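**Q** Curious how this folds, go ahead:
(one chain, ligands or ions: 3)
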Amino acid sequence: MANVTIIGAQWGDEGKGKVVDWLASRADIVVRFQGGHNAGHTLVVGNQTYKLSLLPSGLVRGKLGIIGNGVVIDPIALLAEIDRVAAQGLAVTPETLRIADNAPLILPVHAAIDSARENARGDRRIGTTGRGIGPAYEDKVARRAIRVCDLAEPQTLDWRLDEFLLHHNTLLRGLGAPTFDKTALRMLLLDLAPKLLPFAEPVWERLANARRAGARILFEGAQAVMLDVDHGTYPYVTSSNTVAGQVAAGAGIGPNAVGRVLGIAKAYCTRVGAGPFPTELHDETGRTLGERGREFGTVTGRPRRCGWFDAALVRQAVKVGGIEGLALTKLDVLDGVANLKIGVGYDIDGSTYRHLPPGTEMQANARPIYETIEGWAGSTRGARSYAELPAQAIKYIRRIEELVECPVTLLSTSPERDDTILMQDPFAD
Ligand code: GDP
Ligand code: IMO
Ligand code: MG
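**A** Ligands and ions are numbered 1, 2, ... in the order given. Here you go, the predicted model:
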């Protein structure tokens with residue numbers, strides 16, 4: 001039975017949550033495998049809007065949600081999110097949500113370091129979500145993270161906290177920020193333990209059993225390939241691998257379980273935070289896309305920077321991300337725009353490139369090479385079949401397919417769950 005992996009193909013906020021929610025009707029389990037509560041996924045179901053950060057989007061469909069070991073879990077944020085969706089009538093219990101017992105935790109110290117570092121960067125700040133994601137991943141690699149399972153061992157917590165605070169308080173002092181007290185942190189963790197531990201288990205074993213039983217698993221990526229710590233616009237990236245290759249390590253499953261990889265891309269392009277964005281628009285068209293697309297961050301509320309579809313960038317994401325089919329979202333936002341531009345490559349200091357080279361200065365100097373394509377007068381908003389699309393909109397999609405060297409297999413035409421056109425079922429064998 002085929003599994004499906006969903007990843008972002010631009011700089012995030014492509015509509016992964018909507019697509020995961022829609023595809024979850026065909027899945028048995030939805031698994032997050034990287035990132036943390038820096039993600040913000042908006043799902044519109046009838047008159048309810050769910051804003052999820054850490055919870056797998058499949059929970060809204062009543063599917064089992066799993067948070068894998070590759071995710072950094074802020075227990076306070078997780079419990080708050082569970083309360084928030086409960087107020088909307090969605091009960092999340094240890095029967096519907098399982099979290100990896102070996103996942104690292106995000107603690108208040110991490111957010112403090114994140115902000116102190118951003119302040120110290122001044123003009124060169126990354127524009128992080130301030131949620132401690134980077135510092136928490138650093139701790140995991142440095143072998144000083146406190147993990148979910150440590151909550152069950154007060155003695156382990158004791159010496160782990162000594163090592164943890166020796167490092168962080170030294171750093172915080174250097175940055176001129178307040179330090180943390182061990183007793184208070186220990187009490188906080190012991191208070192969180194009975195609330196979090198009922199959700200914890202070796203999720204790798206559940207996934208192995210589910211696979212053996214023929215269950216369909218949907219792996220839900222957060223962020224996007226251009227924010228990947230290896231393949232993105234470094235250093236303006238997040239601190240995890242966001243490519244499909246991360247599924248195996250981040251869920252505790254073999255690489256052959258990844259299944260079909262669906263990349264999500266907007267029909268234009270946006271970015272939150274700092275960093276290069278060659279096709280960014282600073283004019284009226286950019287503002288129009290922002291207003292019509294309601295381009296405000298789900299997590300931070302920050303306005304998203306808007307620009308034309310960058311086919312060179314998405315082509316690169318297709319290759320390094322392992323994307324086999326593209327879901328194109330927000331086509332409706334382009335309705336009525338007379339002339340559309342598509343970035344096909346870059347001019348960097350007089351040389352032509354078909355991809356974005358990794359050098360920071362080169363990326364900052366990349367000027368897009370455009371191809372212009374006529375827009376469409378009709379509406380695509382709410383279309384649920386290809387036949388409803390204006391001929392010129394189909395031409396735009398076809399051109400994107402050629403340029404990114406990947407078929408468009410799904411289209412989204414509004415925030416609503418069912419305003420979706422499926423050309424090829426990724427779960428089909
Ligand atoms: P994610 O982070 O990739 O899950 O994306 P977000 O949820 O952060 O941002 C995508 C935004 O676009 C959300 O507000 C969605 O409700 C909305 N959205 C998704 N698909 C469409 C679409 O096809 N058309 C329009 N107009 N909005 C969409
Ligand atoms: P979803 O899953 C868009 C961006 C931040 C910042 C950079 C690093 O909703 O697509 P971090 O807090 O991760 O250290 O910030 O990454 N960023 C996102 N941008 N969508 C996201 O998630 C993002 N998660 C992080 O704005 O530029
Ligand atoms: Mg988002």
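**Q** and the nearest residue to residue 94 once chain neighbours are set aside, how many residues sit next to it?
**A** With sequence-adjacent residues excluded and distances taken as Cβ to Cβ, 6 or more residues apart in numbering, residue 94 is closest to residue 198, at 4.5 Å. Just so you know, the C-beta spots here come from the backbone N, C-alpha and C atoms, and that holds for glycine as well. Other residues near residue 198 number 14, with proximity taken as other Cβ atoms under 10 Å.
**Q** and this protein, which residues reach ligand 1?
**A** 8, 12-18, 40-42, 44, 293-294, 298, 329-330, 332-333, 412-415 (Cβ under 6 Å from any ligand atom).
**Q** For ligand 2, tell me which of those show up nearby.
**A** Within these, those near ligand 2 by Cβ under 6 Å from any ligand atom are 8, 12, 13, 40, 41, 298.
**Q** Mind putting the residues you listed into JSON lines with distance to ligand 3?
**A** Listed next are these as JSON lines, based on distance: Cβ to the ion, whole Å:
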{"residue": "8", "distance to ligand 3": "8"}
{"residue": "12", "distance to ligand 3": "6"}
{"residue": "13", "distance to ligand 3": "4"}
{"residue": "40", "distance to ligand 3": "4"}
{"residue": "41", "distance to ligand 3": "6"}
{"residue": "298", "distance to ligand 3": "5"}
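**Q** other SSEs contacting the longest helix anywhere in the chain?
**A** Longest helix in the chain, counting residues (DSSP state H): helix 154-174. Judged by 3 or more Cβ pairs under 8 Å, 6 or more residues apart in numbering; DSSP states H and E, helix 154-174 is in contact with helix 108-121, helix 182-196.
**Q** Pick the most buried one from those helices.
**A** Among the helices and strands packed on helix 154-174, helix 108-121 has the highest mean neighbour count (mean count of other Cβ atoms under 10 Å), at a mean of 18.
**Q** Need the pLDDT of residue 429.
**A** pLDDT, residue 429: 75.
**Q** Show me where the stretch 1-150 of the chain has its helices.
**A** 16-23, 75-87, 108-121, 133-141 (DSSP state H, counting those that start in this stretch).
**Q** Including mean pLDDT and distance to residue 311, could the ones you listed go into a markdown table?
**A** Formatted as a markdown table, the helices of the stretch 1-150 of the chain follow (pLDDT from 0 to 100; distance: least, Cβ to Cβ, whole Å):
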| stretch | mean pLDDT | distance to residue 311 |
| --- | --- | --- |
| helix 16-23 | 96 | 20 |
| helix 75-87 | 98 | 36 |
| helix 108-121 | 95 | 32 |
| helix 133-141 | 98 | 29 |
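**Q** Can you say which of the ones you listed is nearest to ligand 3?
**A** In terms of Cβ to the ion, the element of these nearest to ligand 3 is helix 16-23, at 6.8 Å.
**Q** roughly how far out does that closest one sit from the chain middle?
**A** 12 Å (Cα atoms, centre = their mean, to the nearest Å).
**Q** Same question for stretch 172-185.
**A** Between the centre of stretch 172-185 and the centre of its chain there are 30 Å (Cα atoms, centre = their mean).
**Q** what about that stretch, average pLDDT?
**A** 95.
**Q** Show me which residues of that stretch are buried.
**A** 172, 177, 180, 185 (16 or more other Cβ atoms under 10 Å).
**Q** And that stretch, end to end?
**A** Terminal residues of stretch 172-185 are spaced 16 Å apart (Cα to Cα, to the nearest Å).
**Q** In the longest helix of the chain, which of the residues would be classed as buried?
**A** For helix 154-174, the buried set under the neighbour-count rule, 16+ other Cβ under 10 Å, comprises 157, 160, 161, 164, 165, 167, 168, 169, 171, 172.
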